[in-house]
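**Student:** quick one: sequence plus predicted model below, questions after.
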Amino acid sequence: CDETISELSKVINSRQGKHVRPIFGICLGSQLLALSVGATTNKMSFGHRSQNQPVRNTQTSQCFITPQNHGYSIDESTLPSDWKPLFVNVNDGSNEGIFHTSKPYFSTQFHPEANGGPTDTSHLFDTFLELCKKGKGN
């Protein structure tokens, strides 16, 4: 993963002004995004492996039931100051996603694209597509 993290870091750091394009990291993509900006991840004791993991959006306080399958989480205390937690797991308080405070970059540790379980968070793809449309004019 070191090469992937390095390449993602180059993309994030090289994008300025009108060249900024949205990034949406899902599951391992969330961890890679965090690692590429200098944050760390921690191995969880048991991980989250189910269709019914509750997460809370830190910006709206809305709760969602999500499908998950991961064994690592982002250490929020190591995020740079321009990155913030976006989702938190209601059961254990672990990080479930992050966002950049001024650029269209965000992630989820859970699977909003999963069809075998809840689709509570499928609206995140609408958010990502709207960010992409805004970038087309640049």
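**Tutor:** Structure received.

**Student:** bridged to the spatially most central residue of the chain, which residues?
**Tutor:** Relative to the mean C-alpha position of the chain, the nearest C-alpha, by Cα atoms, centre = their mean, is the one of residue 107, at 1.5 Å. Listed by DSSP bridges, the beta-bridge partners for residue 107 are residue 25.

**Student:** what kind of secondary structure is residue 132 in?
**Tutor:** Going by DSSP: H, G, I helix; E, B strand; the rest coil, the secondary structure assigned to residue 132 is helix.

**Student:** so what's it up against?
**Tutor:** Residues in contact with residue 132 (Cβ atoms under 8 Å, 6 or more residues apart in numbering) are 21-22. Backbone N, C-alpha and C define where each C-beta goes, glycine included.

**Student:** re earlier: am I right that the residue nearest to the centre of the chain is in contact with residue 99?
**Tutor:** Yes - here residue 107 reaches residue 99: they are 7.5 Å apart, a contact under Cβ atoms under 8 Å.

**Student:** this completes my enquiry, with thanks.
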